[in-house]
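Peer 1: can you look at this prediction? I've put the sequence above it.
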Amino acid sequence: MNNDVNNIHNSDTIEKNLKYFTEKHGEIYEAYENYGRLVHEKGGPLDEKTRWLIKIALSTECQNEFSLRTHILKALKCGCTKEEIEHVLLLVGPTCGFPKTMKGLLILRNVLEKEADK
């Protein structure tokens, strides 16, 4: 257990924890997922690309690497370009800090590299 706590940024650890949560608290997780889907799809007038770009900015600011990777992949899938995503990451810097932008760029480059290897 202690190793998992020290390794919370490892995607395998995050996946194991999510599996635990969904097995123990499935109804709560379903409600949470439904809430997120409703806010994303019906919460307002923003188009899908804009919604994913905003989520990328928020994940970058929060330094939530797992969410950032997920949001980058979903943004690419919905038609966002690498350049649009990179612009969003650059926009994070002046408000939230240059190190957060740099970490976001590193994650974007890593995601793009892994996608190219597929």
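Peer 2: That came in fine, so what should we check first?
Peer 1: let me see the contact set for Gly44.
Peer 2: When the contact criterion is CB atoms under 8 Å, 6 or more residues apart in numbering, Gly44 has no partners at all. Yep, even glycine has a C-beta here, placed from its N, CA and C like the rest.
Peer 1: helix/strand/coil for it?
Peer 2: coil (DSSP: H, G, I helix; E, B strand; the rest coil).
Peer 1: next up, phi/psi of it, please.
Peer 2: The phi and psi values for Gly44, taken as degrees, to the nearest 10, are phi 170, psi -170.
Peer 1: cool, and the one 3 residues further on?
Peer 2: Asp47 has phi and psi values of phi -70, psi 170 when expressed as degrees, to the nearest 10.
Peer 1: quick one: contacts for it?
Peer 2: Applying CB under 8 Å, 6+ apart, we find Asp47 in contact with no residue.
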